[in-house]
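Trainee: sequence below, structure please.
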Amino acid sequence: MKPLRRVQIQAPLAPNNNNSNGAGDSEATAPPPPPPPDASASFSRVLRRQTATSVTEDQEPFMGVKVRRRTSLHREYKGDYLNVPSNPYVMKILEKQGDRQVLFADNILKFTGSGKIKRRMLLITDLAIYILDLDASLLKRRVVLTAIENLCLSELSDNFLAIIIPSEYDCLLASTRKTEIVTVLVEATKNKSDYGIEVVFSNRKLLATRI
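Mentor: Residues are numbered from 1 along each chain as shown. Below is the predicted model:
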């Protein structure tokens, strides 16, 4: 968006009807210039136009609150970034648990209670979230969607996301696709009666995550 510039509009000079020796009719009065356009109204129109071409608020549950990087503003959502159907081990787990649809799959960084950082696979289905160690072919954790109370993010331009699970322990992770993760989880729980995940923005609460 280009910054607005304030332009000085000058009235046109009135024609000089006086003769050379100063005698004659009095000076003609020039008509008043038209009023300048309302800058605030112009800005509002530009803002609405840009918002309409960006991702909608329904797709971005935290848009307007969390500071975002420029590269994430117009990123397309793919969902499955790991081609889950091609992984027999993961498909066997989903078949056993009864999950019907893969909503999201990608590699993330998972923070442990001891302060270690582990590379894990995050899988979100229509029923649950999974944390897997594909290198060791281990299912580390499965949490049903109805056990998630809220999602906590900071108001800063970072990649951290805390999944708050009161009945167990929380999950703190980092992903460059945190926007998509939040959107998928919120949308997945909208379809469940009398239930919905709340999105919270708090630097303090994010630091107090129980992992």
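Trainee: state the distance from the residue lying closest to T125 once chain neighbours are set aside to V182.
Mentor: Distances taken as C-beta to C-beta, 6 or more residues apart in numbering place D99 nearest to T125, at 3.9 Å, with adjacent residues excluded. Where C-beta positions appear, they are placed from N, C-alpha and C, glycine not excepted. Distance, D99 to V182, by C-beta to C-beta, to the nearest Å: 20 Å.
Trainee: one more: I148?
Mentor: Distance from I148 to V182, by C-beta to C-beta: 11 Å.
Trainee: so these two - more neighbours on which side?
Mentor: Ranked by neighbour count (other C-beta atoms under 10 Å), I148 and V182 place I148 first, with 24 against 20.
Trainee: quick one: the more buried one and I164 touch, right?
Mentor: Yes. Counting by C-beta atoms under 8 Å, I148 touches I164, with 6.9 Å between them.
Trainee: low pLDDT regions in this structure?
Mentor: 1-75, 191-194 (pLDDT under 70).
Trainee: show me the contacts for the residue nearest to T125.
Mentor: T125, D126, L127, A128 (C-beta atoms under 8 Å, 6 or more residues apart in numbering).
Trainee: verify the stated contact: the second one with K190.
Mentor: No. Under the criterion of C-beta under 8 Å, D126 lies out of contact with K190, with a separation of 11.9 Å.
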